[in-house]
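S.K.: Turn this into a model:
(one chain, ligands or ions: 1)
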Amino acid sequence: MKSFIRTDQFNFIKRQVQNLVNGHATANDDGVRSALKSMTLERVLVLFPLIDEEQAQLLQPISLIDNKEEAEAFLSQLKPYVMPFEVSEQGIKKLFPKAKKLKVPSLAEIDLRDIAYLSWTDTTSNKRYIVINRDSKLIGIEGSFTPSNQKGVCSICNSHKEVGMFLVKEKGKEQGTFKTKGNYICHDSQSCNKNLTSLDKLNNFVDLLK
Ligand SMILES: [Zn+2]
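M.R.: So this is what the prediction gives:
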């Protein structure tokens, strides 16, 4: 079976399964427990309208999860079916032709199944780079990043976390003029990726700034 689950979908499943385990611990009624299980499975299946028999069988055990250990075992069985973020160093460099000596993070050190987007900061230029893969096409944005040193809502993952302002500078209509556009995003892009349970906000964010 080919991998068919996006990283954000895997995170969504993980969150649902965690909620199930928590709900299970507090529910003291068998009827409530089994309702929770089937609701969780339903919520997950909604993500995959075009699922085939084999894929459905892989997700079905959600309705059997009773505790944390079983949840973890289920998730680790599912992980190999998460599609890795498709990217190459060459592909990234092409996205930022103006950035000479671009320092691309070592892709071999990243579990590409854990990320729905790639982001890193070049500490020498203080620039933050963001790369997404939409319909097998890489899109890159670069901007400045200023930590706000406080918590706020991230416009990519929608979580309340330590954020900073990501600003993109673009040429204005008149020659020599610039305008800036930006939004608050997580300081830590690794944890941002973990909190991503849908790509909607990420796509909006990129559309707004691109
Ligand atoms: Zn975030």
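
S.K.: Sort out which residues of the longest strand seen in the chain are buried, please.
M.R.: Longest strand in the chain, counting residues (DSSP state E): strand 137-153. Residues Leu138, Ile139, Gly140, Ile141, Glu142, Gly143, Ser144, Phe145, Gly152 are the ones in strand 137-153 that count as buried (16 or more other C-beta atoms under 10 Å). In short, each C-beta sits where N, CA and C put it, glycine included.

S.K.: Span of stretch 20-38 from start to end?
M.R.: Stretch 20-38 stretches 10 Å from its first residue to its last (C-alpha to C-alpha, to the nearest Å).

S.K.: Give me the buried positions along it.
M.R.: Within stretch 20-38, the residues scored as buried using 16+ other C-beta under 10 Å are Leu20, Val21, Gly23, His24, Leu36, Lys37.

S.K.: Just the ones in helices from those, please.
M.R.: Leu20, Val21, Gly23, His24, Leu36, Lys37 (DSSP state H).

S.K.: Go back to the residues you listed and keep what's next to the ion.
M.R.: The subset of these lying close to the ion, counting by C-beta under 5 Å from the ion, is empty.

S.K.: Lowest-confidence entry in these?
M.R.: The member of those with the lowest pLDDT is His24, at 86.

S.K.: Looking at the buried residues of stretch 20-38, spot the one nearest Asp122.
M.R.: Of all those, Val21 has the smallest distance to Asp122: 40.2 Å, by C-beta to C-beta.

S.K.: Next up, the contacts around that closest one.
M.R.: Ile65, Asn67, Lys68, Ala71 (C-beta atoms under 8 Å, 6 or more residues apart in numbering).

S.K.: quick one: which of the residues you listed is most hemmed in?
M.R.: Ile65 (22 neighbours; other C-beta atoms under 10 Å).

S.K.: For Asp207, see how far away that residue is.
M.R.: According to C-beta to C-beta, to the nearest Å, Ile65 stands 37 Å off from Asp207.

S.K.: got the buried residues of strand 137-153 as a markdown table, with pLDDT columns?
M.R.: As requested, the buried residues of strand 137-153 are arranged in a markdown table below (pLDDT from 0 to 100):
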| residue | pLDDT |
| --- | --- |
| Leu138 | 96 |
| Ile139 | 97 |
| Gly140 | 97 |
| Ile141 | 96 |
| Glu142 | 96 |
| Gly143 | 96 |
| Ser144 | 95 |
| Phe145 | 94 |
| Gly152 | 97 |
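
S.K.: Let me know the closest of those residues to the ion.
M.R.: Gly152 (10.0 Å; C-beta to the ion).
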